[in-house]
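Undergrad: For reference, the sequence and a predicted model appear below.
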Amino acid sequence: MKIYIDYKFTSNPWGGGNQFLKALRKELIKFKKYTDFIKNANTIIVNSHHFSFKLFLYYLIKSELKIIHRIDGPISLTRNEKFSNIDKLIYSFSKHFSDGVIFQSKWSKNKNYKLGFKNKIRNIVINNAPDKNIFKKQKNLKKNLKIKIISSSWSSNIKKGFKYLKYLDENLNFNKFEITFIGNSPYKFKNIKVSKAVKSKTLARILNKNNFFLTASQNDPCSNSLLEALHCGLYPIYLSSGGHNELVKNQGIKFINKKDLLNKIKSIKKSKNYSINKNLLVDISKVKNKYLNFIKRTSIDKPNFIFRFYNIVKFIFNLYLVKITNWLI
């Protein structure tokens, strides 16, 4: 088995999909299951709406090519309603080309089916996991007088929890607490410390200097930033939304609105031991194994050459019809 991930990777700070797929690729390379050349692959993993047009060429000429579609979102819920056409094209791509579908959380799977995903092929839910050689708990860190909370997001999308951060910035007693935000914010804060987005190794070092990780993102299917923080040993403070509840596995401090968040943070006691059960965290090597097992169990049922060509033409026509080809890589 040789796998190719049809995604334009970047080593710069980027979104959670890029970070997870890099970690997955690293594991596949380690076990000699990955190829850097799409022409040598017998399995291609496609991430959501990110794919290249060269994929269609190999779909056309290689009848034994297996296409696994990794779906997140729904994007119209993580961003806003105007992105609903992208959700429709994700479903269309999956219907015409995929042999198996991987959802990142049960929440994401249920929401996608409610919004119109109708593909009845084999599918599975596999949560993400971060690079275990980078995101891990460091020992013997100096204790601080203040309770330190951190939040991070590469995206400046308002639904990433920025209204909650703004509320805390205006209402929390910063003599007792310290909040740091890493990433790109649409707001300027008076009390919250802000740092630009950093690479993974630097982010892991910063995370380890804090006690709690705050995520207030709405409808986030499988927050990579939350998983990174959990693997660094931070205790989660999380909005009851999206896939957060699945990822924390009944650990952490859950809140439902701004006032609830403020009250929950105020109730944190420095003397109390806040720690997560690291045995509940999913290792990236186990995630890799789940991907490989799913791929092995997935059968190929490709139409003949003429129908494959027809599927490609129809799908590309739809892409240009809704004018979102700029979303492809």
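TA: Looks like it arrived, so ask away. What you see is a predicted model, and the numbers here were worked out from it, not measured in a lab.

Undergrad: Can you pull out the low-pLDDT segments for the protein?
TA: Filtered on pLDDT under 70, the chain yields the residue ranges 140-143, 321-329.

Undergrad: where along it do the helices fall?
TA: With DSSP state H as the criterion, the chain has helices at 16-30, 54-61, 75-78, 84-97, 106-114, 162-171, 200-207, 224-231, 244-248, 258-266, 284-297, 305-321.

Undergrad: Which residues does stretch 56-63 contact?
TA: Applying Cβ atoms under 8 Å, 6 or more residues apart in numbering, the contact partners of stretch 56-63 are 38-39, 41-42, 44, 65, 67, 97, 300, 302, 305, 308-309, 312, 316. In this view, the C-beta of every residue, glycine as well, is placed from N, C-alpha and C.

Undergrad: and residue 152, what does it touch?
TA: Residues 181-183, 203, 207, 225, 228-229 are the ones in contact with residue 152 under the rule Cβ under 8 Å, 6+ apart.

Undergrad: Scan those and report the most crowded one.
TA: Neighbour count (other Cβ atoms under 10 Å) singles out residue 229 as the most crowded of the contacts of residue 152, with 28 neighbours.

Undergrad: residues touching that residue, list them.
TA: Going by Cβ under 8 Å, 6+ apart, the list of residues near residue 229 reads 150, 152, 207, 213, 215, 236.

Undergrad: Can you tell me how far it is from residue 34?
TA: Counting by Cβ to Cβ, to the nearest Å, the separation of residue 229 from residue 34 is 27 Å.

Undergrad: okay, now residue 40: neighbour count?
TA: Using other Cβ under 10 Å, residue 40 is surrounded by 9 other residues.

Undergrad: does it really touch residue 4, like I thought?
TA: Yes. Under the contact definition of Cβ atoms under 8 Å, residue 40 touches residue 4, with a separation of 7.5 Å.

Undergrad: gap between residue 73 and residue 242?
TA: When Cβ to Cβ is the yardstick, residue 73 and residue 242 sit 10 Å from each other.

Undergrad: Could you do residue 72 as well?
TA: Applying Cβ to Cβ, one obtains 10 Å for the distance of residue 72 from residue 242.

Undergrad: and for those two, which residues touch both?
TA: Common contacts of residue 72 and residue 242 (Cβ under 8 Å, 6+ apart): 78, 108, 221.

Undergrad: Chain neighbours aside, what residue packs nearest to the last one?
TA: Nearest residue to residue 221, sequence neighbours excluded (Cβ to Cβ, 6 or more residues apart in numbering): residue 108, at 3.6 Å.

Undergrad: The one you found is in contact with residue 77, isn't it?
TA: No. Assessed by Cβ under 8 Å, residue 108 is found out of contact with residue 77, at 9.3 Å.
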